[in-house]
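Student: Below are the sequence and a predicted model; questions follow.
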Amino acid sequence: MIRRLLPLLLFLLLPLTAQAASDARMQIEILADDEKGQTVEYLHSNIRSVADLALPQLWQRIVLQAERGKIPSNTKAVLFLQRATPVENGVSVTFNQRRVLSFLKKNDIAHIPEQPNWILSVQLTNASGRSMPESAAMLQEYAAETASAWGYGLEGGSESLVLHWRWLDSRQITLSVRGTSRLGELSETRTVTTGDPFRQLKPWLSEIMLQARDAYASNATPAETAQAPVLATENTADPHKAFLTLTIERQASLPEQVLFEEELRRDPRILDLSLKQVNRDGQQYRLQLRGADDQWLAHWFKRRGLTLSPTIEGWVAR
């Protein structure tokens, strides 16, 4: 009887004065599951097994999916264990952050050193231009529910992440990402099946949240470091009020064209944008920047799948 209780006694005598993990991702609850034979008594008396159950959840939170294959198969969870504490229906495991990150660096495994934390805003607009607050609220709630499992936070952050889905028609949807997160800005259009907007967009939301999280990885390239080419401008006496000729060589429907114009015009670095002409090859615009810096434009178009190049007539995005 004493032998059976010894692991539990040692478990309960672990120093509770130890400082709690500063990173919430390091703390994982393993709850009893009778179908798997994991009773509360079993969990309380098998701390090594509990740590082994918790470790894959830790990797899911902090290691990029493409990098998990690099984790040695013989890695022992107990090496990272800082504390194990009983909870109502299981065990709360806390891993040592310093040991975990040191292990990942030593093995050259790309990871997210610190938990990203954003102020998230989800917006939906139907093809008629009306907002869809109920579906947006459901997606926002889903993002909050999955935050812990995927290692990001949505409380107390200082960076913003704005996700705006717009229906172009019954099947085509455009996502516009804005904000101050390291993900930067991007835009994407997809074709989806008809049906409940929440079910349509839930996988897409999960994908973009992971993409935003992975932008903070140890091997990630900062969003704004891309070098833009020096681009031609129309002659003007004041460089801060330069007018630029911009040609978009891409076939686009009228709704797509309008969305593109709205997105570019909404950028605070744009002073004015006006459509000059439309032909079968694309559209031509007259663009005025709010300052002399134009290096960000090439990166802006690159994130939307277009390459911006200087020509004799001005700029061309293909």
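Tutor: Nice, thanks for sending it over. The model shown is predicted, which means the values in this text are computed figures rather than measured ones.

Student: show me what contacts the closest residue to Gln211 other than its chain neighbours?
Tutor: Spatial nearest neighbour of Gln211, excluding adjacent residues (C-beta to C-beta, 6 or more residues apart in numbering): Leu183 at 6.4 Å. Backbone N, C-alpha and C define where each C-beta goes, glycine included. Residues counted as contacts of Leu183 (C-beta atoms under 8 Å, 6 or more residues apart in numbering) are Leu161, Val177, Gln211, Ala212, Ala215, Ala223.

Student: and the residue lying closest to the fifth one once chain neighbours are set aside, backbone torsions?
Tutor: Read that as Ala215. In space, and not counting its chain neighbours, Ala215 is closest to Arg182: 4.0 Å by C-beta to C-beta, 6+ apart. Dihedral pair for Arg182: phi -70, psi -10, per degrees, to the nearest 10.

Student: got it, and the one 4 residues further on?
Tutor: Here is the backbone geometry of Leu186 (degrees, to the nearest 10): phi -160, psi 160.

Student: for Glu263, phi and psi?
Tutor: Torsion angles at Glu263 (phi, psi; degrees, to the nearest 10) stand at phi -70, psi -40.

Student: any idea of the pLDDT on it?
Tutor: Looking at Glu263, its pLDDT is 78.

Student: That one against Glu188, yeah?
Tutor: No. Glu263 is beyond contact range of Glu188, at 11.8 Å (criterion: C-beta atoms under 8 Å).

Student: burial of the residue nearest to Ala215, as a residue count?
Tutor: 20 (other C-beta atoms under 10 Å).

Student: again, but for Leu287
Tutor: 23.

Student: and the nearest residue to it once chain neighbours are set aside, what element?
Tutor: The shortest distance from Leu287 to any residue other than its chain neighbours is 4.3 Å, reached at Leu244 (C-beta to C-beta, 6+ apart). Using DSSP states H and E, Leu244 maps to strand 243-248.

Student: Please enumerate the helices of this protein.
Tutor: In the chain, the segments counted as helices under DSSP state H are 2-12, 40-45, 47-62, 97-106, 133-150, 197-214, 254-266, 296-302.

Student: List the residues that contact the residue nearest the centre of the chain.
Tutor: Centroid-nearest residue in the chain: Ala212, 1.6 Å away (criterion: C-alpha atoms, centre = their mean). By C-beta under 8 Å, 6+ apart, Ala212 lies in contact with Pro116, Trp118, Tyr152, Leu161, Val177, Ser181, Arg182, Leu183.
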